[in-house]
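Novice: Below are the sequence and a predicted model; questions follow.
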Amino acid sequence: LDQWREDAHAFLLFVTGIGGIGKTSLVQEYVASHMFQFDIVLSLNYHHTIKQTIADDRQFMVNALSRSEEEEPDEYFVRKLEVARKLTYGQKVLLMIDNFTGKNLEGVDELIKAGWKLIIITRRQMPEEDYQCIKVEAIQKKTDLHFIFESHLRRAIEPQEYPMLDRIIEMVHGHTLVLELIAKQIANSFLSVSEAEKLIQKYGFSRMASEKVSYTKDFIFHNDTVRSMINVIFDSAKLSEEKRSVLKGIGFFGNSKINIGLFASVYGLKTKDILHELVSEGWLAIEDNMLQMHPDIIEVVRSWKMTDVFEQAAIHMMAELKRWKITNRGLFLSVSEEFLKCCQQEGLMSQQIYKELMFEVLTVMPRYKEDYILTNTLKLVQDPGYLDDNAVIRLYDLISEIYEEQGDLKKAYTVLIQAKERVRRC
């Protein structure tokens, strides 16, 4: 990292490795200790594409600059970057993009031309012959792993616990996220060290093949095992159904950070105590009043089966999100779109509040997202539930407008005939 930072001709660096191994923590700690080497440090979470990540004003805001409703993200990216480039001229800028999952690097060249240093943190394997990469692997020194475990345990490791802990470290291959979660469950009296060892022997990493496999295969197998192990730790923690419901609710907002006050309001929490307990237990993090969950933990909680408790919570959250359209349209759209996607995956489309929230989203969605609008509007007109006639006619109008803009006048005419029939039946 020092070598890359000091190289005046090196602008792009990938930090790669399996989920939960400590990539983000490593970069954050390094940057914090070298902050004086840069004039500006930007830290963003990857959102759909590199260009959309930069264009996201919730994460990266330039004073007195905002995207117009007609402006596509790629257009706003160009305009925003040009303003940011002028504002940062002659300054040392470091941009970190975490949890990159994209398939292309469109926008990276423009960022490099702005003279910014760029670190992209990803689980993906990047071709090292094409890009400068640092591959993060598990910490090998047991004394370092003891220190990490002890810091999360919040007490000294007892002498009789060291042999058991060393066996745990060997079985989880030094995976820092799993070690952190185990330590926090012990600190909260959900497990003892000996019980943790038995759990991992039964369900954990010991099933991994001893022979060496390629990085890509190892990546997939490791992540499957990590998620399996996280689920086991969840079970050992004996989380209440309320806590599980809260975690699943946060998971519905994806990898984006969400304001703690906004989530508490939307979910209907009377106090934030339960969120602070989940932080203490290792399942959540709160930074600058923003809730964040590790991507591996998100994938686990989103895989949990829908329960009556969470179904009712999801219905309540959709009703609350609907009210946010008036308060903050941009925030309403970004939050609701991800939430509705999860509702679709969980089979909540038949709920009336889902249809009402989807209608509100579709009618204010920027037209550059015409594929999203068209796909979901077509579904909604087929099963509008109890949406009133005016709302259904508005949906038909949306569909015909998009077909007309696409030059498909035959489909636009067909939709108008269907709308006419609907009006006739009213």
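Specialist: Perfect, I can see it now.
Novice: which stretches of the stretch 251-400 of the chain form strands?
Specialist: Assigned strands in the stretch 251-400 of the chain, in chain order: 258-259, 285-287, 290-292 (criterion: DSSP state E, counting those that start in this stretch).
Novice: where does the stretch 301-426 of the chain dip in pLDDT?
Specialist: By pLDDT under 70, the low-scoring segments of the stretch 301-426 of the chain are 426.
Novice: Output the strands of the stretch 251-400 of the chain as TSV; include the columns mean neighbour count, mean pLDDT and distance to residue 302.
Specialist: Where C-beta positions appear, they are placed from N, C-alpha and C, glycine not excepted. Below are the strands of the stretch 251-400 of the chain laid out as TSV (neighbours: other C-beta atoms under 10 Å; pLDDT from 0 to 100; distance: least, C-beta to C-beta, whole Å):
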stretch	mean neighbour count	mean pLDDT	distance to residue 302
strand 258-259	18	89	15
strand 285-287	12	89	17
strand 290-292	18	90	15
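Novice: Reformat the ones you listed as a markdown table; add distance to residue 121.
Specialist: As requested, the strands of the stretch 251-400 of the chain are exported to a markdown table (distance: least, C-beta to C-beta, whole Å):
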| stretch | distance to residue 121 |
| --- | --- |
| strand 258-259 | 20 |
| strand 285-287 | 16 |
| strand 290-292 | 14 |
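Novice: So which of these is nearest residue 38?
Specialist: Residue 38 sits nearest to strand 285-287 of all the strands of the stretch 251-400 of the chain, at 19.5 Å, using C-beta to C-beta.
Novice: which secondary structure elements does that closest one contact?
Specialist: helix 273-280, strand 290-292 (3 or more C-beta pairs under 8 Å, 6 or more residues apart in numbering; DSSP states H and E).
Novice: Partner strands of the lengthiest strand in the chain and their direction?
Specialist: Ranked by number of residues, the top strand in the chain under DSSP state E is strand 93-100. In the sheet, strand 93-100 lines up against strand 40-45 (parallel), strand 117-122 (parallel) (DSSP bridges).
Novice: so which of the ones you listed gets nearest residue 279?
Specialist: strand 40-45 (18.4 Å).
Novice: neighbours of residue 233, just the number please.
Specialist: For residue 233, the number of neighbouring residues by other C-beta atoms under 10 Å comes to 25.
Novice: Now it. Nearest residue, chain neighbours left out?
Specialist: Leaving aside its chain neighbours, residue 233 sits nearest to residue 181 (4.9 Å; criterion: C-beta to C-beta, 6 or more residues apart in numbering).
Novice: what sits against the one you found?
Specialist: Counting by C-beta atoms under 8 Å, 6 or more residues apart in numbering, residue 181 touches 230, 233, 282-283.
Novice: and among the strands paired with strand 93-100, the most buried is which?
Specialist: Of these, the one with the most neighbours on average (mean count of other C-beta atoms under 10 Å) is strand 117-122, at a mean of 22.
Novice: For that one, what does the pLDDT average out to?
Specialist: Averaged across strand 117-122, the pLDDT comes to 96.
Novice: Residues contacting the helix or strand following that strand, please?
Specialist: The helix or strand immediately downstream of strand 117-122 is strand 133-135, counting by DSSP states H and E. Strand 133-135 has contacts (C-beta under 8 Å, 6+ apart) with 1, 4, 13-17, 126, 215.
Novice: what are the pairing partners of strand 133-135, and which direction each?
Specialist: Strand 133-135 is paired, per DSSP bridges, with strand 12-16 (parallel).
Novice: for the residue nearest the centre of the chain, phi and psi?
Specialist: With distances taken as C-alpha atoms, centre = their mean, the residue of the chain nearest its centroid is residue 255 (0.8 Å). Backbone torsions of residue 255, given as degrees, to the nearest 10, read phi -80, psi -10.
Novice: For it, give me its contacts.
Specialist: Applying C-beta under 8 Å, 6+ apart to residue 255 gives the contacts 45-47, 99, 295, 298.
Novice: so what's residue 396 up against?
Specialist: Residue 396 makes contact with 381, 415-416, 418-419, 422, according to C-beta under 8 Å, 6+ apart.
Novice: Taking these, tell me the two that lie furthest apart.
Specialist: Taking C-beta to C-beta as the measure, the contacts of residue 396 span a maximum distance of 12.6 Å, between 381 and 416.
Novice: Next, count neighbours for residue 345.
Specialist: 12.
Novice: tell me the helices in the stretch 101-250 of the chain, going along the chain?
Specialist: 108-113, 142-153, 162-171, 176-187, 193-203, 215-237, 241-251 (DSSP state H, counting those that start in this stretch).
Novice: what's the first one packed up against?
Specialist: Counting by 3+ C-beta pairs under 8 Å, 6+ apart, the packing neighbours recorded for helix 108-113 are helix 50-55, helix 73-87, strand 117-122.
Novice: Of all those, which one comes closest to residue 27?
Specialist: Of all those, strand 117-122 sits nearest to residue 27, with 5.9 Å by C-beta to C-beta.
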